[in-house]
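# Sequence unavailable; structure follows:
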């Protein structure tokens, strides 16, 4: 019984230290943006085609917030380098803000070869279009 308690404590400790590390990374990303200064930050926001709020929200996201996008693109054989950088940035933004990450991950893990892209995916139409372009 003592080993179960130790395992539970270790798991809890790892969860807490992981959460703390992710929090510090997000805070560091926000601090990095703030350190740019108003002019440079404005230029960054304009260059990215985002709002200031989007940039701050993205800085607070987990570094792997667009991981499902990369998995979906790999699944259909689309190379990231072949996508226009502005389009890819928009796709990353959409994926980062998506509320269906758990559902998407489940589908990718359990139904990776589903014929149709799920309706909940904000990049559904873009991925389908890129797939059509790739095959023609």
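Looks like it came in fine. These numbers come from a predicted model, not from an experiment.
# Output the below-cut-off pLDDT ranges for the chain.
By pLDDT under 70, the low-scoring segments of the chain are 1-8, 18-19, 22-23, 26, 29-30, 33, 48, 55-64, 114-117.
# how does it divide up, domain by domain?
Residue ranges of the domains in the chain are recorded as 1-62, 64-136, according to automatic domain parsing.
# next one: the longest one to chain centre, how far?
For domain 64-136, the distance from its own C-alpha centre to the chain's C-alpha centre is 11 Å (Cα atoms, centre = their mean, to the nearest Å).
# Helices of this protein, start to end?
2-35, 38-48, 52-60, 67-75, 85-97, 101-110, 124-135 (DSSP state H).
# Okay, now stretch 105-120: how far is its last residue from its first?
12 Å (Cα to Cα, to the nearest Å).
# got a list of contacts for it?
The list of residues contacting stretch 105-120 from outside it, by Cβ atoms under 8 Å, 6 or more residues apart in numbering, reads 68, 71-72, 75, 98, 100, 103-104, 124, 127-128. (Glycine included, C-beta is placed from N, CA and C.)
# what's the most distant pair in the residues you listed?
Taking Cβ to Cβ, the two most distant members of the contacts of stretch 105-120 are 103 and 128; they sit 18.4 Å apart.
# re the thing from before, single out the most deeply packed of the domains of the chain.
Comparing these on average neighbours per residue, with mean count of other Cβ atoms under 10 Å, the densest one is domain 64-136 at a mean of 14.
# what's the distance between residue 40 and residue 53?
18 Å (Cβ to Cβ, to the nearest Å).
# Residue 107 now?
Computed with Cβ to Cβ, the distance linking residue 107 and residue 53 is 29 Å.
# And for residue 83, nearest residue in space, chain neighbours not counted?
residue 130 (6.8 Å; Cβ to Cβ, 6 or more residues apart in numbering).
# hang on, the one you found packs against residue 78?
Yes: shown here, residue 130 and residue 78 form a contact pair, counting by Cβ atoms under 8 Å, at 5.3 Å.
# OK, contacts around residue 90?
With contacts taken as Cβ under 8 Å, 6+ apart, residue 90 has the following neighbours: residue 49.
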